[in-house]
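Trainee: I would like to see how this sequence folds:
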Amino acid sequence: MARLHGPDRSPAVDRACLAWQVRSVVHRLAFERCTDTWQDVRGVTLSGYAAAVGAARRAGLCGAGQRRLGGVAALVV
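Mentor: Okay, the predicted model is just below:
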């Protein structure tokens, strides 16, 4: 996904992505899900993430595992 949206995108990258999708229905579905997530993440800000985590903690909805996973997700974005 990052290669498709990155500065080094090329026709070869596009062809490789399409070939990967053609090899399996599972690949195609994974690509669609990743595309949806990629588009949704564009609007996420660090301050918005912090506010959501704070609200989840106050509501008792966020355990240590979710905090670690969320932190990793924030770093990836």
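Trainee: buried sites along stretch 25-38?
Mentor: Judged by neighbour count using 16 or more other Cβ atoms under 10 Å, the buried positions of stretch 25-38 are residue 31. All C-beta atoms are positioned from the backbone trio N, CA, C, and that covers glycine.
Trainee: residues making contact with that stretch?
Mentor: Residues from elsewhere that reach stretch 25-38 (Cβ atoms under 8 Å, 6 or more residues apart in numbering): 1, 5, 17, 20, 21, 22.
Trainee: tell me the domain ranges of the chain?
Mentor: Domain ranges of the chain: 1-43, 45-77, per automatic domain parsing.
Trainee: reformat these as TSV; add mean pLDDT.
Mentor: Below are the domains of the chain laid out as TSV (pLDDT from 0 to 100):
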stretch	mean pLDDT
domain 1-43	91
domain 45-77	69
